[in-house]
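Asks: Only the shape, not the letters, is given here:
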């Protein structure tokens, strides 16, 4: 496996790697680090190979991958060494960048190639903050990710996507052979997201609050402004309201500064990055779990974020946005509400509605969650099976 970030943590690559190890494969993983970490390590049976890179080099050079050679050159030498020394049979690359290097290396050493698309990259990347600065827009104009995506994904032996609707996009827009693309939703592990893993001290800590909870990447695409724009009004009706926020904050989106500017900083608690096994406790301590992304771009409309499945697994009321698949999943299964992140009044209305009838509505949502869990594959051990089956044929 090749991962363009440090590891661990990264939930999806770890789940895939552990499932493949359980199925009898040896898994090696190449990644970078800018921390003081050992360059070779075994983690849960995954043999990690790291190389050093500075945060500055990554931030400055990775967006220029398609127009300048420097970042590609760094990865090319490490990938070839990694494949050669470990005598790999399959190269499984996460996300789109470096796919060209992987295919070139695989051709040289006789490997199969698996391209694991966590996002619909060409649609997602153009909406990121760093591609929408003044310099970023110039880099974006010169970086044809659509062309790159179509050229190189069609050469892979297997392409993985995270939803059936995204699979349809790849079939229609990228023209991938239907026999070479599978869907593996990013569902949670049932061994992690269960009541037995909840820590009572976390429940006790927030027992006097009415908690809104979000976990994940913290950037301008996530629609988190709707909470900040609502808290002043919400605290009039819900004096004990608190917004818990867990994850990594993008340098281009200072949500804590925004909270201070809107005079709601005392209602926001930033938890930082939480380990996966910590999430069930904070979800259990919360009253409403949320993910309200802006839904103007295609990629977000064709996926269900793993956090939605995590909230479901713990039986919590969910507020999402009108992003198509998440909206349908939450509303059609009676798991909560949907709002427009640009409409704080709508968000306020739904929070107050839940708050005013919390015991009744949360009980109904809990029952609907249990019914869904018992009728559909919503856990990783169920949804990973197509990957194991395809690997056996590679």
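Replies: Arrived safely. A quick note: this is a predicted structure, and the numbers were derived from the prediction, not measured.

Asks: Residue 55: how many residues sit nearby?
Replies: Residue 55: 9 surrounding residues under other Cβ atoms under 10 Å. Heads up, the C-betas are built off the backbone N, CA and C, glycines and all.

Asks: my guess is it meets residue 35, correct?
Replies: No: proximity of residue 55 to residue 35 does not meet the contact threshold set by Cβ atoms under 8 Å, at 9.4 Å.

Asks: for the stretch 201-350 of the chain, which spans come out with low pLDDT?
Replies: Scanning the stretch 201-350 of the chain for pLDDT under 70 picks out no residues.

Asks: and residue 255, how many neighbours?
Replies: So residue 255, with other Cβ under 10 Å, has 22 neighbours.

Asks: swap that for residue 326, sorry
Replies: Quick note: residue 326 (other Cβ under 10 Å) scores 25 neighbours.

Asks: Let me know the helix or strand that it is in.
Replies: Under the criterion of DSSP states H and E, residue 326 resides in helix 324-332.

Asks: residues making contact with the helix or strand just after that helix?
Replies: On the C-terminal side of helix 324-332, the nearest following helix or strand under DSSP H and E is strand 336-338. The contact list for strand 336-338, computed with Cβ atoms under 8 Å, 6 or more residues apart in numbering, reads 288, 317-322, 326-327, 330-331, 350, 353-354, 365.

Asks: Partner strands of strand 336-338, with direction?
Replies: strand 318-320 (parallel) (DSSP bridges).

Asks: Quick one: residues in contact with the strand it pairs with.
Replies: For strand 318-320, contacts defined as Cβ under 8 Å, 6+ apart pick out 288-292, 308, 311-312, 326-327, 330, 335-339, 347, 350-351, 365.

Asks: Stretch 112-124 now?
Replies: Contacts of stretch 112-124 with the rest of the structure, by Cβ under 8 Å, 6+ apart, involve 12-13, 16, 89-97, 99, 102-103, 106, 145-146, 148-149, 152-153, 155-162, 166, 169-170, 186, 297-299, 302-303, 394.

Asks: pLDDT averaged over it - what is it?
Replies: Averaged over stretch 112-124, pLDDT sits at 92.

Asks: Please apply the same query to stretch 384-394.
Replies: This predicted structure assigns stretch 384-394 an average pLDDT of 96.

Asks: is it true that residue 152 touches residue 103?
Replies: Yes: judged on Cβ under 8 Å, residue 152 makes contact with residue 103 at a distance of 6.1 Å.

Asks: List just the nearest of the contacts of strand 336-338 to residue 26.
Replies: For the contacts of strand 336-338, the minimum distance to residue 26 (Cβ to Cβ) is 36.2 Å, reached by residue 326.

Asks: The closest one and residue 302 touch, don't they?
Replies: No: between residue 326 and residue 302 no contact is recorded; they are 10.1 Å apart, counting by Cβ under 8 Å.

Asks: does residue 159 sit in a helix or strand, and which one?
Replies: Secondary structure here is read from DSSP H and E; on that basis residue 159 sits in strand 158-161.

Asks: I should have written residue 214 there, sorry.
Replies: Secondary structure from DSSP H and E places residue 214 in strand 210-215.

Asks: Give me the packing partners of that strand, helices and strands only.
Replies: In this structure, strand 210-215 makes packing contacts with strand 241-246, helix 279-285, strand 288-291, helix 306-313, judged by 3 or more Cβ pairs under 8 Å, 6 or more residues apart in numbering; DSSP states H and E.

Asks: centre of the chain versus the helix or strand that that strand is followed by, how much separation?
Replies: As assigned by DSSP H and E, the chain's next helix or strand after strand 210-215 is helix 225-228. In this view, helix 225-228 has its centroid 20 Å away from the chain centroid, taken as Cα atoms, centre = their mean, to the nearest Å.

Asks: quick one: contacts of helix 225-228?
Replies: For helix 225-228, with Cβ under 8 Å, 6+ apart as the criterion, the contacting residues are 212, 214, 243, 255, 258-259, 262, 264, 268, 290, 292, 339, 341-344, 347.

Asks: Those, buried ones only, as a PyMOL selection?
Replies: The command below creates a PyMOL selection of those among the contacts of helix 225-228 that count as buried (16 or more other Cβ atoms under 10 Å):
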select buried, resi 212+214+243+255+258+259+262+264+268+290+292+339+341+344+347
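
Asks: quick revisit: please tell me how far the helix holding residue 326 is from the chain's geometric centre.
Replies: Per Cα atoms, centre = their mean, the displacement of helix 324-332 from the mean C-alpha position of its chain is 17 Å.

Asks: Please list the residues outside that helix that contact it.
Replies: The set of residues external to helix 324-332 that reach it, using Cβ under 8 Å, 6+ apart, is 163, 165, 291, 293, 295, 301-305, 308, 318, 320-321, 335-338.

Asks: Please repeat the previous calculation with a cut-off of 10 Å.
Replies: Contacts with helix 324-332, where a contact means Cβ atoms under 10 Å, 6 or more residues apart in numbering, come from 163-166, 291-293, 295, 298, 300-305, 307-309, 311-312, 317-323, 335-339, 365, 372, 378.

Asks: Check those for burial and list the buried ones.
Replies: When neighbours are counted using 16+ other Cβ under 10 Å, these contain these buried positions: 163, 165-166, 291-293, 295, 298, 300-305, 307-309, 311-312, 317-323, 335-339, 365, 372, 378.

Asks: Which stretches in this protein count as strands?
Replies: Using DSSP state E, the strands of the chain run over 28-33, 40-43, 46-52, 90-94, 112-116, 158-161, 181-183, 210-215, 241-246, 268-272, 288-291, 318-320, 336-338.

Asks: Give the buried residues for the third one.
Replies: Residues of strand 46-52 classed as buried: 46, 48, 49, 50 (neighbour count, 16+ other Cβ under 10 Å).
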